[in-house]
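> Sharing a model that was predicted from the sequence below.
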Amino acid sequence: MPSCLISYLRSWAADRRGNVALMFSILLMPLMVLTGGSVDLNQALNARTRLAQALDAAALAVGVQTSLSEADAAAFALGFVRANYPSTEIGEIGGLTVALDTVNDIVTVSAEARVTTHILSLIGIDSITVHWESEVQRTRRRLELAMVLDNTGSMGGSKISSLRDAARLLTDILFESSDPGRLKIGLVPFAATVNVGTRYERAWWLDPNALSPLHSENFIPAANRWDLFDTITNRNWTGCVEARAIPHDIEDTPPSASTPETLFLPYFAPDESSYGSYPNSYMSDQMSGSDQRARMRNSPKYTGSSVSYGAGPGWGCTARPITPLTGDQTLINGGISDMIASGTTNIPIGVSWGVRVLSPAEPFTEGVPWGQGDTIKAMVVLTDGENYLNGSGNSNYSDYSGYGYMRDGRLGIVSSNDSTIRNALNSRTAAACEYAKSLGIRVYTITFQVNSSSTRNMMQACATHPGLYFDSPSSDALRDAFEMIAGDLSNLRLSR
């Protein structure tokens, strides 16, 4: 045998490459199963994530429905699970259960998702089933909410109707999701000032003895405003009040007869001079001469007189009365229905009375003390426009409002310029919002069809954080804003 053939046969006998191919063919199937099985496992993990999201949504939805039985709650939850885990997703939902712990106010929703395998089925694993359970602790904290709503003339027509509808939607949602006795809502309609209601006439905190240094402003000799109302034959106090002196104008300083500047003032728009250009001259000045301020301040003219023309001492008092905190939904909805659109915009006086509605101190005492951990205090502030008080070239420098005349400096400025007045009102708005937040009030703000970017920025800054500000360019957006606020105020949390 030739030597070359012998060498070839020896090398062929030593070759192990055929063994490698054989071993690879034996291991190929397990490797394919392991590699493809990771895809099946990944799909199962994705299904569990979607299941968790769907059950969380269902548990929250059941949580706000306090009157459902367990059977009804299971059907209600199933609708939310199907909406958040549609049939087009991987996995088949099954085993949905709802448990209601009425003692501890806990809602538990559990279910499973069965995922059909593709590769693991080759080794007999036809499906993977994942489980999830969501638990929601219903809020056991109380809620006190003040709705501070713009009722100015620009809210006329469909806007005030849309506001009424949206505000009632909020109350419907909150009362539906709250246990009896755990919810109180107050209403503060505002325009140039606010109206506390005529039932408080001559209340001690409304300075019946004219102790406040502002009480006699614009009356010479000094006069008690209550006495002036009594002596005018055809006009009574209509319930409006004026701002106290800065900083008490926006703060919850308790009124005290021993500190007269903390007392509140009954709103009284003076009879303006019949000589010159004035919008609210309603009786004879009973004096002659060209001193327009003296004509206006002549307090003896009110004795036994009547309002002959014009709006009288209630000029600018257009807002409906405040509704103090109440758990009576019919009462608060009645206040909402009574709202009208008239007057000019004074946001800081609205916010300041929103704080007072939530306060435990006079003049309203329905609120629990500040800082109670079991109570959420919140405020919704809505406006449809800029702060505004008409500046004037006459001797008063402006129309009358909750801050009196700009000539008297009660807003911190003496000016007849509209922009200067607006800036001062904006400054007090910002201060009022910061004060409210410093008390722990959760402040939501809404602008409704507001074109002014500066006003939108001011209202966003007023909110507790930017996410609690809602710009609503339409009536539908307004309803959405109130609905989202209601959902947030339900204060449900996932406990695990």
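Good, I have the coordinates.

> So, low pLDDT: which residues of the chain?
The model of the chain has pLDDT under 70 over residues 1-37, 66, 138-140, 491-496.

> now the strands: where do they sit in it?
92-101, 106-116, 127-137, 142-150, 183-190, 194-195, 240-242, 265-266, 323-326, 375-383, 442-448, 469-472, 493-494 (DSSP state E).

> can you put these in CSV and add mean neighbour count and distance to M484?
C-betas here are computed from N, CA, C, even on glycine. Formatted as CSV, the strands of the chain follow (neighbours: other C-beta atoms under 10 Å; distance: least, C-beta to C-beta, whole Å):
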stretch, mean neighbour count, distance to M484
strand 92-101, 16, 25
strand 106-116, 20, 21
strand 127-137, 18, 19
strand 142-150, 26, 14
strand 183-190, 27, 17
strand 194-195, 26, 26
strand 240-242, 26, 33
strand 265-266, 24, 38
strand 323-326, 21, 23
strand 375-383, 25, 11
strand 442-448, 25, 9
strand 469-472, 20, 7
strand 493-494, 12, 17
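
> burial count for R182?
Applying other C-beta atoms under 10 Å, we find 16 residues neighbouring R182.

> S306 now?
S306 - counted by other C-beta under 10 Å - has 12 other residues nearby.

> which residues does it contact?
232-235, 283 (C-beta atoms under 8 Å, 6 or more residues apart in numbering).

> Go ahead and confirm M283 touches T303.
No: counting by C-beta atoms under 8 Å, M283 does not reach T303; the two are 10.9 Å apart.

> These two - which one has more neighbours?
The residue with more neighbours, out of M283 and T303 and counting by other C-beta under 10 Å, is M283; that gives 20 against 13.

> Tell me who's in contact with the more buried one.
Residues near M283 by C-beta under 8 Å, 6+ apart: 271, 301-302, 305-308.

> Distance of the spatially most central residue of the chain relative to L41?
Taking C-alpha atoms, centre = their mean, the centroid of the chain lies closest to V380, which sits 2.8 Å from it. For V380, the distance to L41 (C-beta to C-beta, to the nearest Å) stands at 48 Å.

> Please apply the same query to P324.
60 Å.

> hmm, back to that, quick one: buried ones out of the contacts of S306?
Among the contacts of S306, the ones that count as buried by 16 or more other C-beta atoms under 10 Å are 232, 235, 283.

> Just the closest of those residues to A74, please.
R235 (62.9 Å; C-beta to C-beta).

> ok, for the closest one, nearest residue in space, not its chain neighbours?
Nearest residue to R235 in three dimensions, chain neighbours excluded: G312, at 4.8 Å (C-beta to C-beta, 6 or more residues apart in numbering).

> ok, the one you found to P300 distance?
Distance, G312 to P300, using C-beta to C-beta: 17 Å.

> out of those two, which sits in the busier spot?
Between G312 and P300, counted using other C-beta under 10 Å, the more crowded position is G312 (21 against 14).

> For L228, see how far away that one is.
11 Å.

> and if you look at A430?
35 Å.

> Domain ranges for this structure, per the record?
19-137, 142-494 (automatic domain parsing).

> Need the winner for burial among the ones you listed.
Between those, domain 142-494 has the highest mean count of neighbours, a mean of 19, where neighbours are mean count of other C-beta atoms under 10 Å.

> just how off-centre is that domain within its chain?
17 Å (C-alpha atoms, centre = their mean, to the nearest Å).

> what is T116 paired to in the beta sheet?
With DSSP bridges applied, the residues forming beta bridges to T116 are S127.

> residues contacting it?
Counted by C-beta under 8 Å, 6+ apart, T116 has contacts 92, 126-127.

> Same check on G157?
A341.

> where's it relative to A269, distance?
For G157, the distance to A269 - C-beta to C-beta - is 27 Å.

> now do A481
In terms of C-beta to C-beta, A481 sits 35 Å off from A269.

> go on, R142?
Counting by C-beta to C-beta, the gap from R142 to A269 is 40 Å.

> Looking at the strands of the chain, spot the one closest to V368.
Set against V368 and scored by C-beta to C-beta, the strands of the chain come closest in strand 375-383, at 5.0 Å.

> Kindly format the C-alpha coordinates of that closest one as PDB.
C-alpha atoms of strand 375-383 as PDB (Å, rounded to 0.1, in the frame of the first residue of the first chain):
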ATOM      1  CA  THR A 375     -58.900  67.000  57.400                       C
ATOM      2  CA  ILE A 376     -58.000  68.300  53.900                       C
ATOM      3  CA  LYS A 377     -58.700  72.000  53.400                       C
ATOM      4  CA  ALA A 378     -58.900  73.000  49.700                       C
ATOM      5  CA  MET A 379     -60.000  75.900  47.600                       C
ATOM      6  CA  VAL A 380     -61.000  76.200  43.900                       C
ATOM      7  CA  VAL A 381     -60.400  79.800  42.500                       C
ATOM      8  CA  LEU A 382     -61.900  80.600  39.100                       C
ATOM      9  CA  THR A 383     -61.800  83.800  37.100                       C
END
